[in-house]
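> fold the following for me, if possible:
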Amino acid sequence: MRTFYPSDSCSKESHLNSLNPQSWLQVERGKLSSSASSSASPLCRESFIKVPEPQILPHYKPLDYVEVLAQIHEELESCSLEERSSLYLLQYQVFRGLGETKLGQRSLRSAWQEATTVHEKVVFGSWLRYEKQGEEVISELLSSCGKYSEEFVPLDIASCLPVMSPEVESVKVKRHISRNVVFKIGEERVACDRRKFASLSAPFQAMLYGSFTESLLDEIDMSENHVSPSAMRVVRDFSVGDVLIGVSKNLLLEVLVFANKFCCERLKDACDRELASLVSSMECAIELMDFALEETSPILAASCLQVFLYELPESLTDERVVEALTRVNRSQVSTMAGKASFSLYSCLTEVSMRLDPRSDRTLSFLEKVIDFAESDRQRVLGFHRLGCTRLLRKEYREAEEAFETAFNLGHVYSATGLARVGYIQGHKLWGYEKLTSVISSVSGTPLGWMYQERSLYCEGDKKLEDLEKATELDPTLTYPYMYRAVKLMSEQNAEAALEEINRILGFKLALECLEIRFCLYLGMDDYEAALRDIQAALTLCPDYRMFDGKVAGRQLRTLVYEHVESWTTADCWMQLYEKWSNVDDIGSLSVIYQMLDADACKGVLYFRQSLLLLRLKCPEAAMRSLQLAREHASSDHERLVYEGWILYDTGHCEEGLQKAKESIRIKRSFEAYFLQAYALAESSLDPSSSSTVVSLLEDALKCPSDRLRKGQALNNLGSVYVDCEKLDLAADCYINALKVRHTRAHQGLARVHFLRNDKAAAYEEMTRLIEKAQNNASAYEKRSEYCDRELAKSDLEMVTRLDPLRVYPYRYRAAVLMDSRKEAEAIEELSRAIAFKADLHLLHLRAAFHEHNGDVCSALRDCRAALSVDPNHQEMLELHSRVNSHEP
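Numbering: from 1, shown residues only. Okay, here's the model as predicted:
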């Protein structure tokens with residue numbers, strides 16, 4: 001489904017031209033005929049901007065995630081050790097549905113830490129390793145600091161499982177039987193100790209001492225049993241010494257078959273372990289996995305599986321690996337994965353869907369997930385994901401069945417899949433009625449996605465009403481903004497269209513929204529703005545493809561670039577200074593992208609890029625830029641600074657400080673001193689450390705650097721002085737920072753005014769910041785602290801409009817309502833934010849309100865959900881303990 005806005009003024013010829021995203025460029029470059037160019041007006045071009053339909057997310061999305069998280073937390077408090085990993089896996093899936101990547105990884109880590117079987121350790125350890133791809137450099141840097149991490153390294157599976165001990169059984173012999181027995185194999189004979197050989201298994205004991213004819217023979221012909229003399233000698237030696245020493249792989253395989261045939265469990269276990277020790281490569285694992293499954297060798301099978309999982313995602317591109325993991329029955333899966341079968345295929349499904357959700361491989365893994373699900377909670381996600389994959393494969397009947405099953409199991413979000421399938425099959429009204437039924441059946445407040453989905457099945461005012469409601473309930477949904485923006489553009493209201501798409505780009509740097517704005521600027525012939533957005537998009541995702549993946553972003557960037565004025569290196573630095581000073585983070589990103597094409601100082605530029613990406617709440621992209629800064633550092637002392645920031649940003653503060661000191665020993669530099677001061681200020685609880693931080697920042701300011709970074713150092717120095725109550729020195733720092741146009745210093749200076757009891761001056765200072773900064777939600781929030789309640793409420797309403805993900809305004813408004821004894825309204829204010837943001841502070845405050853109202857059950861629910869977000873939050877733990885003691 002795609003949304004088009006044709007313009008009545010466009011001719012058929014111009015329609016054809018505007019469908020080609022490059023045609024407007026080709027016109028100006030002389031590649032289209034004059035007749036074509038004359039008919040392709042800008043308003044015709046943007047009238048064919050496509051708004052992609054909202055994706056049906058293949059995630060677990062319960063109606064009330066707070067209730068589900070609380071339930072999981074409650075079960076974790078009382079469940080057996082064996083159940084904990086499965087519960088943490090479910091918690092991971094809830095956080096995935098909320099888009100909380102870091103929280104999801106923490107849940108996976110908990111599942112790994114709580115694993116009670118070696119198979120769970122292998123699965124969750126490998127899954128975490130996959131989730132943390134690209135972070136290998138952190139382990140490398142920690143090693144260089146003398147700190148070694150043993151996490152997620154391959155396990156010695158054989159050593160994790162108990163060795164089968166020898167069973168010594170007395171054999172009662174009622175008649176004389178010779179001490180030795182000879183096994184004849186072809187022309188060769190292998191002499192064995194009868195009693196020791198008989199101890200290998202019950203069948204051999206019956207053969208050699210029972211009522212069988214062989215018990216009377218001194219020589220037994222084994223030629224028909226498909227065993228070689230060499231293998232028989234290995235068996236004989238094992239019967240004597242209980243060990244396998246120096247046996248080749250092929251011989252071990254033959255002995256294993258023999259052991260299985262004659263039920264020699266100790267021998268089989270020994271072969272299993274020896275073969276497992278030989279699994280050292282992907283090729284070896286592929287070769288041995290089939291054999292392990294055929295011969296039911298759990299240690300060998302688990303060792304092969306570990307190799308497959310350790311090499312994710314690359315291993316899933318090998319058809320032999322996929323075949324080994326999919327063409328297996330329940331018994332064989334149990335052999336290689338034990339009780340972790342569901343977790344195994346959940347992991348494989350996650351990886352495969354990210355590689356290609358349409359593939360046969362993904363389909364096979366999803367079917368295994370459903371096969372090994374042990375509860376409805378596990379089946380729900382399996383069937384929903386199966387529906388998503390079937391829908392992408394255009395297997396509509398099967399998709400409908402899967403979505404229907406998930407919906408009937410209680411996953412209401414699967415109604416989106418049912419409605420989408422119905423629409424595709426020509427039942428648009430049914431889709432609308434289905435979503436209407438879902439909305440009316442919700443006991444509390446409906447969720448934003450319900451109205452967003454229903455909007456796809458209606459037109460005109462009804463559609464716009466549903467989209468407005470979707471944005472009201474969940475302002476993070478991107479489709480409503482994109483639809484409204486393109487519709488406004490089709491009505492020739494370009495200014496309103498840009499204002500609409502800028503609403504979401506102000507707090508959520510979504511690639512699809514950048515692409516829409518890029519197209520809007522093309523429709524307005526504003527190539528400089530279009531270039532800014534495509535360069536920002538390529539910074540976030542270097543391989544980004546536009547127009548449904550049909551056109552490489554880099555290709556479009558090249559075409560647009562030819563239509564803007566070229567900048568020299570000096571021009572670029574001036575532009576960067578200007579945009580950085582105006583707190584135009586997207587504009588700054590674009591300038592840096594352009595500079596990276598030619599500038600030799602790539603390390604410095606990638607570092608600046610990482611700072612901007614952190615401000616824009618893109619931590620993964622920021623870390624990628626920081627690693628690129630390290631790779632392109634022009635000197636050892638510069639490289640050490642970037643390594644220090646990598647370590648600091650990943651929670652390794654001491655090691656980050658160590659890198660900064662190493663850098664200073666090589667050469668005194670602004671960035672090394674700044675890193676040391678920043679890390680020390682943020683991590684040290686010792687008040688006396690302030691003087692050290694001041695000294696380090698003063699040393700930094702004595703070193704060469706540009707005004708952008710010096711302004712930041714002055715700003716930080718001012719903050720330290722404020723904490724030390726040296727307000728005059730702080731004010732000097734902030735004023736000097738403003739002289740080099742470090743705009744954010746207005747905020748620090750406002751704080752100084754406030755501490756001097758000059759609230760009016762503080763308010764005016766923040767007003768100056770608001771006027772200068774393009775991204776100013778935080779400035780409005782801070783200004784609200786320096787005015788009366790009515791003005792504060794007005795400022796915080798503006799914050800919520802600019803960035804609805806900032807939680808302080810909701811907490812402030814709720815507190816005001818609570819003070820006014822409007823308890824229900826206060827809780828509702830918090831609930832509307834909690835519906836789309838899993839935030840500890842919001843949950844904490846709502847739990848406290850419920851406790852105040854005497855609603856112990858609701859308070860306990862919020863406490864448990866909050867502790868799922870942060871299990872170690874001290875105030876939350878205290879509140880939970882207090883509320884828990886009141887539970888009936």
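> now stretch 630-648 - C-alpha only, CSV.
C-alpha atoms of stretch 630-648 as CSV (Å, rounded to 0.1, in the frame of the first residue of the first chain):
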residue,chain,number,x,y,z
ARG,A,630,40.3,6.1,16.1
GLU,A,631,41.1,4.5,12.8
HIS,A,632,41.9,7.8,11.1
ALA,A,633,43.8,9.4,14.0
SER,A,634,46.9,11.2,12.7
SER,A,635,49.1,10.4,15.7
ASP,A,636,49.4,8.1,18.7
HIS,A,637,48.4,10.7,21.2
GLU,A,638,45.3,11.6,19.2
ARG,A,639,44.4,7.9,18.9
LEU,A,640,44.7,7.4,22.6
VAL,A,641,42.2,10.2,23.2
TYR,A,642,39.6,8.5,21.0
GLU,A,643,40.3,5.2,22.7
GLY,A,644,39.7,6.9,26.0
TRP,A,645,36.3,8.2,24.9
ILE,A,646,35.3,4.8,23.5
LEU,A,647,36.1,3.2,26.9
TYR,A,648,34.4,6.0,28.9
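> what sits up against it?
Residues outside stretch 630-648 that contact it (C-beta atoms under 8 Å, 6 or more residues apart in numbering) are 137-138, 141-142, 144-145, 600-604, 606-607, 610, 623, 626-627, 629, 653, 655-660, 662-664, 666-667, 669, 671-672, 675, 678-679. Just so you know, the C-beta spots here come from the backbone N, C-alpha and C atoms, and that holds for glycine as well.
> one more: stretch 118-136?
85, 104-105, 108-109, 111-112, 115, 151-152, 155, 157, 160-161, 302, 305-306, 309-310, 312-313, 337-340, 343-344, 347, 350-351, 623-624, 627, 650.
> out of those residues, which end up buried?
With neighbours counted by 16 or more other C-beta atoms under 10 Å, the contacts of stretch 118-136 contain buried members at 85, 104-105, 108-109, 111-112, 115, 152, 155, 157, 161, 302, 305-306, 309-310, 312, 337-340, 343-344, 347, 350-351, 623-624, 627, 650.
> pull out the buried members of the contacts of stretch 630-648.
By neighbour count, with 16+ other C-beta under 10 Å, those hold 137-138, 141-142, 145, 602-604, 606-607, 610, 623, 626-627, 629, 653, 655-660, 662-664, 669, 671-672, 675, 678-679 as buried.
> all strands for the stretch 51-200 of the chain, in order.
Using DSSP state E, counting those that start in this stretch, the strands of the stretch 51-200 of the chain run over 51-52, 180-185, 188-193.
> cool, and the chain?
Along the chain, counting by DSSP state E, strands occupy 2-3, 51-52, 180-185, 188-193, 219-221, 545-546, 551-552.
> parallel or antiparallel, which strands does the fourth one pair with?
According to DSSP bridges, strand 188-193 forms sheet pairs with strand 180-185 (antiparallel).
> which parts of the strand it pairs with are buried?
Using 16+ other C-beta under 10 Å as the test for burial, strand 180-185 gives Val181, Val182, Phe183, Ile185.
> got the residues you listed as CSV, with distance to Cys264 and pLDDT columns?
Listed next are the buried residues of strand 180-185 as CSV, based on distance: C-beta to C-beta, whole Å; pLDDT from 0 to 100:
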residue, distance to Cys264, pLDDT
Val181, 16, 92
Val182, 19, 94
Phe183, 14, 95
Ile185, 17, 93
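> got CSV for the residues you listed, with distance to Arg397 too?
Formatted as CSV, these follow (distance: C-beta to C-beta, whole Å):
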residue, distance to Arg397
Val181, 65
Val182, 66
Phe183, 61
Ile185, 59
